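Chemist: pasting the sequence and the predicted model now:
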Amino acid sequence: MAGRKVVAAKASKTAKTKPAGRGAGQLELVPVEPAARKGARPPPPPPRRARAAAAVAPAPDAPVAAVATEDAAAPDALAAKAPRRRATAEQMAAKQREISISEFFTKNRHLLGFDNASKALLTTIKEAVDNSLDACEEAGILPEITIEVRDLALNAKGEGELTKGEGRFVVVVEDNGPGIVKAQAPKIFGKLLYGSKFHRLKQSRGQQGIGISAAAMYGQLTTGQPIRVTSRIGKGKPAHFFEIQIDTRKNNPVVTEDRELADWHQEHGTRVELEIVANWQQGQRFVNRYVEHTALSNPHATFHYVRPRQEPLTFPRAVEELPKEALEIKPHPHGVELGALMLMAQDSKSHDVRGFLQTAFSRVSATVANEIVKRAGFKAKVRPRDLAEDRTLAAKLHEAIRDTKIMAPPTQVLSPIGDTLMKKGLVSFLTVIETEGPEDDEQLDLDQAKKKKASKKEKEAKAEAPEVPDAPPEEGVEKIKGHNYFIATVTRPPKVYRGNPFQVEVGLAYGGSWPADKPIELFRFANRVPLLFQKSACGMTEAIVKTDWRNYLLSQPKGSLPVGPMALLVHIASVWVPFTSEAKEAVAHYPEITREIQLAAQECGRKLAAHIRKKQHADYQAQRRSIFELYIQEVAQAIGKITKKSPEPIKRDFLRLADKVTEQELAEQDAALEEQSKKITKRPRRSEEEDE
Ligand SMILES: Nc1ncnc2c1ncn2[C@@H]1O[C@H](COP(=O)(O)OP(=O)(O)OP(=O)(O)O)[C@@H](O)[C@H]1O
């Protein structure tokens, strides 16, 4: 062992070092082999045994001399088998240092949704818009939000050639929210993990305190430009303009500009401007979809969407009321883990454990607190501080909490979209997509040609067909831009997972111009935010795939989404959404959540099945009637000839009779279907019974 020490010391003298990277403070050192030095004489060859050992496992960046000499002392057999020490604890210690959160996410930006230039564009917009919506709702302001994407290759008038592929873009998001207090702005935009939502249990879009500063960091990294923020907190108060950079080594803001603006057009609100490297060509379809879906799930907000070289779009709000206010709750004792309990006890200002339990948790009354303490077997007075210091004591309390029956947390604290607004949102969304048409030009041309052909055929058919009055619209069917959509929604009652209240909603739009031979479109939302990536990794998709849609008359390949002309919206509202990563792209596979989504989907599916059956029957009736009508003309003429009467009144009588029969048959069918659907609703199918 003594030999090894001496050798290591020698090695550190012989191996010359040079700094590995950019900064002066960098501790990591890379050894330079003596032979590599310019003009240096090559060292004498090592003994034969050492050469053999070096051939077994050469380590390019290990302190070569140290390892070679150590192995030289070992017998032949050992040198072949024993692993070589590549570094000592001291050498490794010299390389260890603290990593700032910004440094970490600079290297791992994919974890935050900045994997590539097209996704980064969407993530940047999403983070800013989510903040604007959260801030407006929290302040009680109807949101009016402008989203602008500017291609820096175009001139101020928007002329020039659009950037193909990656390029420099400016993203602007402006809201009419409460604004940001001057002292807070630098930390909000220049420090990762700084926010108002992480430590509370309340439904909101943001929850981690990392979103907008991460976008600022991405901009800084790719363009070197700081984030520009303008904010004003009210009438009579000045607006402030900031340019903020992030010192990524320290995760601290650096304000490069801070000035008051004499006048700003918003009475209150915030505008963020980020210069980033983005790919508009590929990313615009994500952004378009994000804006459309956000308008769908936020019918109380108005969005102005300004894009390069396209007409600005406005999605006006569909309702003039804010959604029900989401309320903050305290954690439920059954959802707390031992470590968290100890931390909470450490922070508590209560003098005894009973007071701590009552103030820190929801649903703990004096009686419940007494019961927990009794069950924990605490004889003397226990202070919260004692729990923080004594793990055995804390474990006893944790066990007692688990064994005590405590009322479920309050669930009326959530703000779901609700059936009426979900329907309104779906109608406005379908109106927009029916107006806008498909996204790619080739498909657009094909569709227009098809439409022309179809309308010519329709005109010809109309001219030939006898006048038949329009059937009354079926309940739930909306005519949107000439297409019939069946719309159904279900809002489940709130439930709880691991102490967190959550609520699931499902809405569907069936028919219209959705393709009938493709898998359904699944729109996933968490706290009203559309989730556009990681579809197959998402617990929501799993729940829909696991639902047997063949029960509801859709075909479904094994382990896949059903096939049919349908868009299905799934929304989870929760005080804490369990995402699979910091990028908040997919919901984790919690069985409690999956089950609720399945139940909502099944309820919606039953409504769909009733509609499809009704439609199938109506189609059958129409077909029968059209065959009958084909012969009426000839039959009326033949009867006219026999009876020597004009064929026209005979034809009219036949048509009247046909109307009566069709009406009667449809009414009978309606009654039968009503009865059938009641039965289905009362007695779920086998697969549902298993679920229930
Ligand atoms: N437009 C805005 N108006 C008012 N406050 C804002 C605005 N944007 C950000 N904030 C404040 O800045 C904080 C940090 O925002 P950030 O996007 O970094 O995180 P978050 O929204 O809390 O969580 P997440 O990381 O999940 O998005 C927010 O919690 C909010 O208090």
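Modeler: All right, it came through fine.
Chemist: end-to-end on stretch 554-574?
Modeler: Stretch 554-574 has an end-to-end distance of 30 Å (criterion: CA to CA, to the nearest Å).
Chemist: the residue in the stretch 201-350 of the chain positioned nearest to the ligand: neighbour count?
Modeler: The ligand sits closest to residue 206 of the stretch 201-350 of the chain, with a gap of 2.1 Å, by CB to the nearest ligand atom. Heads up, the C-betas are built off the backbone N, CA and C, glycines and all. Residue 206 has 21 neighbours, counted by other CB atoms under 10 Å.
Chemist: any idea how far it is from residue 168?
Modeler: 27 Å (CB to CB, to the nearest Å).
Chemist: do the same with residue 655
Modeler: Counting by CB to CB - residue 655 and residue 168 are separated by 68 Å.
Chemist: cool, residue 526 as well?
Modeler: Distance from residue 526 to residue 168, by CB to CB: 31 Å.
Chemist: could you tell me which residues of this structure lie near the ligand?
Modeler: 127, 130-132, 135, 175, 177, 180, 188, 195-197, 206-213, 270 (CB under 6 Å from any ligand atom).
Chemist: let's see the PyMOL selection covering just the buried ones among those.
Modeler: Selection of buried members from these for PyMOL, criterion 16 or more other CB atoms under 10 Å:
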select buried, resi 127+130+131+132+135+175+177+180+188+195+197+206+207+209+210+211+212+213+270
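Chemist: which of the residues of the chain next to the ligand fall in strands?
Modeler: When DSSP state E defines the strands, the subset of the residues of the chain next to the ligand inside them is 175, 270.
Chemist: distance from stretch 340-356 to the middle of the chain?
Modeler: Centre-to-centre, stretch 340-356 and its host chain are 35 Å apart (CA atoms, centre = their mean, to the nearest Å).
Chemist: start the count at 16, not 1, going forward
Modeler: New numbering, starting at 16: the last item is stretch 355-371.
Chemist: contacts for it?
Modeler: With CB atoms under 8 Å, 6 or more residues apart in numbering as the test, stretch 355-371 has contacts from 346, 351, 373-375, 381, 384-385, 388, 393, 396-400, 402-403, 406, 409, 412-413, 416.
Chemist: swap the cut-off to 6 Å and go again
Modeler: Contacts to stretch 355-371, defined as CB atoms under 6 Å, 6 or more residues apart in numbering, come from residues 374-375, 384, 388, 396-397, 399, 402-403, 409, 413.
Chemist: re the thing from before, between residue 541 and residue 183, who's got more neighbours?
Modeler: Counted by other CB under 10 Å, residue 541 and residue 183 do not tie: residue 541 has more neighbours, with 26 against 16.
Chemist: neighbours around the closest residue to the ligand within the stretch 516-665 of the chain, how many?
Modeler: Of the residues in the stretch 516-665 of the chain, the one nearest the ligand is residue 599, at a distance of 6.4 Å by CB to the nearest ligand atom. For residue 599, the neighbour count with other CB under 10 Å is 27.
Chemist: so residue 196 versus residue 448, what's the distance?
Modeler: Residue 196 is 40 Å from residue 448, by CB to CB.
Chemist: before we move on, what about residue 511?
Modeler: 36 Å.
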